[in-house]
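Trainee: Sequence and computational prediction follow.
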Amino acid sequence: MIKEAGFLARADLQTLLDRLHDLGYRVIGPVVDDAAILYRDIDRVEQLPLGYTDDQAPGSYRLSQVDTPRCFAWADGPHALKPFLFAPRETMWQVARDSDGRLAFSAVDPRPAKALAVVGVRACDLAALALQDRHFLDHVNDPYYEARRAGLFLVAVHCAYPADTCFCASTGDGPRATTGCDLALHELDDGFIVEAASPRGHAVCDGLSLRAIDDDQRRAANDALSEAAHRQFRRLPSTDLHNGLLARLDHPRWEQVASRCLACGSCTSVCPTCFCHAESDAPSLDGNDSEHLREWDSCFSAGHAQLHGFQVRPEIRQRYRQWLTHKLGSWHEQYGRSGCVGCGRCITWCPVGIDITAEANAICADTIEEAP
Amino acid sequence: MNPYLPREAEIVSRHEESATTFSLGLRLTDGQPYRFAPGQFNMLYLYGCGEVPISIVGDDPVAGTLSHTIRAVGRVTQGLQQLAVGDRIGLRGPYGRGWPMAAAEGRNLIVVTGGLGCAPSVSIIHHVLDNRARYGHLSILQGVKHADDLIWREQYDAWAALPDVTVGLAADVASPGWHGHVGLVTALFDQVTLQPEQTLAMLCGPEIMMRAAAEQLHARGVAADDIYLSMERNMQCAVGHCGHCQHGGRFVCRDGPVFAWPEVRALLGVRGF
Amino acid sequence: MNKPSIAVHKFSSCDGCQLAFLNAGEELLTLAGLVDIRHFLEAGVADEQARVDIAFVEGSISTDEEVERIRRVRENSTLVVTLGACATAGGLQALRNLDDSHTAWKNAVYAQPAFIRTLDRAEPVSAHIKVDFQLWGCPVNGRQVLAAVRQLLFGVLPAVVHDKVCMECKRQQAVCVMVTSGKPCMGPVTRTGCGALCPRFGRDCYACFGPADDVNTDALSQRLEGLGLPPADVARRFLFITSQAPAFHAAGLRHYRPGFVDD
């Protein structure tokens, strides 16, 4: 349960970062780099994107500076929490071969030197994290994910600045962070309403100089979130997408979107819930030892559904259909909900600006008209 | 316990089944026990090159060996083909859900396979013959594209000679000396006496074949829930994490590879899934 | 036990791909211990007729002499592996294939064109002989070359890289230069293998590793036009280092007019 802890003056934000460092965390936060807001190691509040905001559209992302004292006046950039837990590339195990050909396998110790604390996480990414937790921890524990997940400390920021590509209100995953974090912040011009959502979060608050919150601050924060939800104009169909999409596997729209789709895999890479990964081997040149790796894969890649001499999905049409029917449809069978959290990254970071909400609405259009 | 870490296995025997198919007998060198169910698979690791999912054909509990029949069709399986007795590889498993051998007890079994990849069904036959009293009549129907593709011909003859076993062979293209049916394996259904209520069917092969076989068996009165089939997809992690093997909402490696027909019926043989 | 033998043959090329071996540093010493290098001019070993297990071929086939020589390489080698864009897809010099300007260019460039004996077309090695494995890139990625050598020494073919540069760009956590600044990046149609080198430094990919599998060049062309590129520039994006790769050749020609260089 999230509970109000108090008001942290803007001038005291540094004490939160210091407290996390003092507790032994590696602190990650948003910074401006490579023309985008990215998660990087931080230790000073001056590194935060003070005064920056973003303009996102299908296939386009631009940063600009505005006259605001705020540090979190933007919507998510390309980086989700995903890469910190489900690494883009990592070694899983090593094997040495001796002169008699005997093999000795050893797993890589996945425990990080320091647990991570991530500052600035949005509600959509918390929802995505919950889904990745289920994928990597529910049936068979993935030791690499688990080791990084175990100590993770999350400072959420309720999202008052959705991008034009955002639709978390439609998926029910935002803009307010309601669960899955340790602390949550409402950013106001003069500081932050701090909420604690876990015993660890409460413990961190104990070291901060928090003041009482007044009703005006509370109202301003809540109004901003209501407005953030109302400002979102993209939405997924509110019908049963699992049955709706699977009943329309021959819809002409699949061919139409395939003519635009590059099958580049950018959408699946920036998607905070996509989990596909490929395994490969990297032996040393002398052949005496080898590493077994995994790296992000995509259902848009040619190798994804390749089976000795048989390609399950040779056409881009089939690959896009696989992505959409899985993300919005069969995910329900697997994890009891849609695999989409409404972050809009796949729309912004698609080089040709394909819009998942537009495609889903076009394919399910007749269902929507039938709806009351 | 790291689910991805292979154990070392030594090749203790190898046998050429055909120009492209070979069998490896493997023994785990750590001496730890290993149990599997018919229809499950192992991930075999060729040193420095990669892992491949291979169905477990059978085991010899006394000798502590496991046998795998492998078709050399990709870079890793072609590499495995070059190995000799005494060579070491990696092995992890068993994985997945196998055939419903417990539910099949007391029933007549009809095993229908198509193509070269019949290894998953051989494990059924071994299990039934090792536990003969628990099962009713066993029908083994094997289809191949070309008569020359059939491996284990002597084995089929030996099975056919056993009491309460029927063997039917079909080839799309016959060759001299072929005594089996010429045509689809499903045509063999006419040659077996099917008692639909007593029968449990197990299918293995190309999806189009399995779909046709399931529909025809169902039309002949076999309950949909009594038809099982083994699916094949790209599998890399074998524990439902890597995502390649998804068939609709199913992870073939973990939820399968053996499914009851109704579980996969909607997308079975649908191109692109 | 006999060590496997290799040869590195040079055809029409700049030698840059051979440097992938020479730049391997300590790994080159390891390699020298693993294989018997029978022919490699850049490394000072010359026996062009040597019979070898693996021949690496750099460069395109651009002269009569090369047509004969590549056939001999095939006869003398168990496996032939192309090394880089020229050998795999014709390279820059294959731009002369696009129109019949070979003779005109030759006469314009050289003082004594009569001494220049080249074919009208520069072709990838695979146009002349069977190739067992192809390594792309201008130049090749040295680590990829050594990894391929290792797999061949294990007796298996190297794994084919299917992915597009975008996949590797995202794995490297680089930021898309097309989305943030409208640069005409070729990553969505280009085979990875370079480690997304250019986008990681804020530069648009120029497709030196050639086309990936299953590319949608029409969709990218449309996007490039949407970014303001005139048709001649769209054509140039495809008809550059790997212009003879079929997917790029076809895409480029849809926007190409002979003589567009004068536009």
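Mentor: Structure received.

Trainee: Tell me how many other residues crowd A:Glu315.
Mentor: For A:Glu315, the count of nearby residues is 16 (other C-beta atoms under 10 Å in any protein chain shown). (Glycine included, C-beta is placed from N, CA and C.)

Trainee: mind checking which helix or strand the residue of chain B at minimum distance from chain C is in?
Mentor: Residue nearest to chain C within chain B: B:Gly79 (4.1 Å; C-beta to the nearest C-beta). Taking DSSP states H and E as the definition, B:Gly79 sits inside helix B:75-80.

Trainee: by contact count, what packs against that helix?
Mentor: Counting contacts by 3 or more C-beta pairs under 8 Å, 6 or more residues apart in numbering or on different chains; DSSP states H and E, helix B:75-80 packs against strand B:41-46, strand B:50-60, strand B:65-71.

Trainee: Let me see the residues that make contact with the helix or strand that contains B:His218.
Mentor: Here B:His218 is covered by helix B:207-219, with elements defined by DSSP H and E. Contact with helix B:207-219 is made by B:110, B:112, B:114-115, B:143, B:184-186, B:189, B:194, B:199, B:201, B:203-204, B:224, B:227, B:229, B:231, B:261, B:265, B:268-269, as judged by C-beta atoms under 8 Å, 6 or more residues apart in numbering or on different chains.

Trainee: CA-only coordinates of that helix in CSV, if you can.
Mentor: Taking C-alpha atoms only, helix B:207-219 is exported to CSV below (Å, rounded to 0.1, in the frame of the first residue of the first chain):
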residue,chain,number,x,y,z
GLU,B,207,1.6,-30.4,-38.7
ILE,B,208,-0.4,-30.8,-41.8
MET,B,209,-0.1,-34.6,-41.4
MET,B,210,-1.1,-34.4,-37.7
ARG,B,211,-4.0,-32.2,-38.4
ALA,B,212,-5.3,-34.5,-41.1
ALA,B,213,-4.7,-37.6,-38.9
ALA,B,214,-6.4,-36.0,-35.9
GLU,B,215,-9.5,-35.0,-38.0
GLN,B,216,-9.8,-38.4,-39.5
LEU,B,217,-9.4,-40.3,-36.3
HIS,B,218,-11.9,-38.0,-34.7
ALA,B,219,-14.3,-38.6,-37.6
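
Trainee: Let me know the next secondary structure element after that helix.
Mentor: Past helix B:207-219, the next helix or strand by DSSP H and E is strand B:227-230.

Trainee: Could you verify my assumption that A:Ile363 touches A:Arg248?
Mentor: Yes: A:Ile363 is within contact range of A:Arg248, at 5.4 Å (criterion: C-beta atoms under 8 Å).

Trainee: Please identify the residues of the stretch 151-273 of chain B in proximity to chain A?
Mentor: B:232-234, B:236-237, B:239-244, B:246, B:248-251, B:254, B:266, B:270-273 (C-beta under 8 Å from any C-beta of the partner chain).

Trainee: from those residues, which ones fall inside helices?
Mentor: B:Arg254 (DSSP state H).

Trainee: Can you tell me the SS state at the residue located most distally from the centre of chain A?
Mentor: Relative to the centre of chain A, and counting by C-alpha atoms, centre = their mean, the farthest-placed residue is A:Asp100 at 47.0 Å. Three-state call for A:Asp100 (DSSP: H, G, I helix; E, B strand; the rest coil): coil.

Trainee: how close does it get to C:Gly155?
Mentor: 19 Å (C-beta to C-beta, to the nearest Å).

Trainee: again with A:Gly120
Mentor: Distance from A:Gly120 to C:Gly155, by C-beta to C-beta: 51 Å.

Trainee: The two: which has the busier surroundings?
Mentor: A:Gly120 (25 against 15).

Trainee: Shouldn't the more buried one be within a helix?
Mentor: No: A:Gly120 sits outside any helix when classified using three-state DSSP, being strand.

Trainee: Model confidence for it, exactly?
Mentor: Note on A:Gly120: pLDDT of 97.
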